[in-house]
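In: Give me a 3D structure for the following:
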Amino acid sequence: MKSSLDDIALFVQVVKHGNLASAARHAGLPAATVTRRLQKLEHALGVKLLHRSARKCVLTQDGDAYFDAYAELVERFEAARQQFSEESQKLEGKLKVLAPVNISHGILGPMWIAFTREYPKIELELHLSNHPMDMIETQADLAIRIGRQDDSSLYQRRLGQIENVLVASEGYIAHHGMPQTPADLSEHDLIGLSMRPKWHLHHETNGQTFTLYPRCRAQVNDPLMVKYFVRDSQGIALAPITEVKEELAGGQLIRILPEWGGEVRDMFLLWPGGKLLSQRVKCLRDYIYQYVQQHF
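Out: Numbers count the residues shown, from 1 in each chain. As a prediction, the model looks like this:
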């Protein structure tokens, strides 16, 4: 039977306090629990460590040798644990985050800037990529991902949804006309994402669906580039609302067939399971969640 470090530390505290009652108060444990754990330690070692009475505890010869062997180690361990506990409570130090490129440049851009301004002692290490990186290999503290991840080793918190909408510029519509039904889209110039070979559309009120295999005049693998083509009046696109929200609000782009929408995808915040989170990680985790609730 192995001896746990916590039980060894408890034994050392009993010796230092001189009796079970004082050691129990220091540890925040019932005296009966302290007695039981000392008995478990003695059973594991096969020796008696203490002569116990109601008022005091006296080391046996074996107990004296055991105390000499472990007292300094326990003291160093407790000091280290206290230091790490204090460090974890500070809002300073390195913080590594993985996030998609486009939403970080777009709707999340102001959030990263505001966070580092508000918490100047936190050293944000932001890795942007549209190809998910392994959180464990990269030793990342947090990650933002589109779609639920099939990884049981990660905690996942749903942040919100990203809808895909049909958009065009007023200049394009003035020249080519406004489509009246999803079927009309096949008669228009379309700008597409290479990873989306077909457009699944759904009616927001009656539940009707329509699938289009777009023949695109331009097809790219970057949503930001899709927006540039559409802003230049070169066609209609099915784009994430996060990419075009500002342009829609500012009038540079308009919704096409606004009662129809594309695929809706969930956005998640991830962090490694089985890991105690520092205050700085919790701080950014909650900051991201609150920002998304306000801006999505």
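
In: And residue 95, how far from residue 124?
Out: 5 Å (CB to CB, to the nearest Å). Just so you know, the C-beta spots here come from the backbone N, C-alpha and C atoms, and that holds for glycine as well.

In: And the helices in the stretch 101-250 of the chain, which stretches?
Out: Applying DSSP state H, counting those that start in this stretch to the stretch 101-250 of the chain gives helices spanning 101-105, 109-118, 135-138, 170-176, 223-231, 241-250.

In: Packing partners of the shortest one?
Out: The reference is to helix 135-138. strand 93-99, strand 264-272 (3 or more CB pairs under 8 Å, 6 or more residues apart in numbering; DSSP states H and E).

In: Quick one: find the helix or strand in the chain with the lowest mean pLDDT.
Out: Here the helix or strand of the chain ranked lowest by mean pLDDT, DSSP states H and E is helix 61-89, holding a mean of 77.

In: thinking again about what came up before, figure out which of the helices of the stretch 101-250 of the chain is closest to residue 66.
Out: helix 135-138 (38.5 Å; CB to CB).

In: So what touches the closest one?
Out: Applying CB atoms under 8 Å, 6 or more residues apart in numbering, the set of residues contacting helix 135-138 from outside is 96, 98, 127, 143, 153, 154, 270, 271, 272.

In: Now do that helix: distance to the chain's middle.
Out: Mean-position distance between helix 135-138 and its chain equals 13 Å (CA atoms, centre = their mean, to the nearest Å).

In: How far does the lengthiest strand in the chain sit from its chain's centre?
Out: Using DSSP state E, we find that the single longest strand of the chain is strand 154-168. The chain centroid and the centroid of strand 154-168 are separated by 15 Å under CA atoms, centre = their mean.

In: and it, average pLDDT?
Out: The average of the pLDDT scores along strand 154-168 is 95.

In: Mind giving me the packing neighbours of that strand?
Out: Strand 154-168 packs on strand 236-240, helix 241-250, strand 254-255, strand 260-261, strand 264-272, helix 279-295, going by 3+ CB pairs under 8 Å, 6+ apart.

In: circling back to that earlier point, mean neighbour count, the helices of the stretch 101-250 of the chain: which tops it?
Out: helix 223-231 (a mean of 20; mean count of other CB atoms under 10 Å).

In: Quick check: residue 183 touching residue 210?
Out: Yes. Counting by CB atoms under 8 Å, residue 183 touches residue 210, with 7.3 Å between them.
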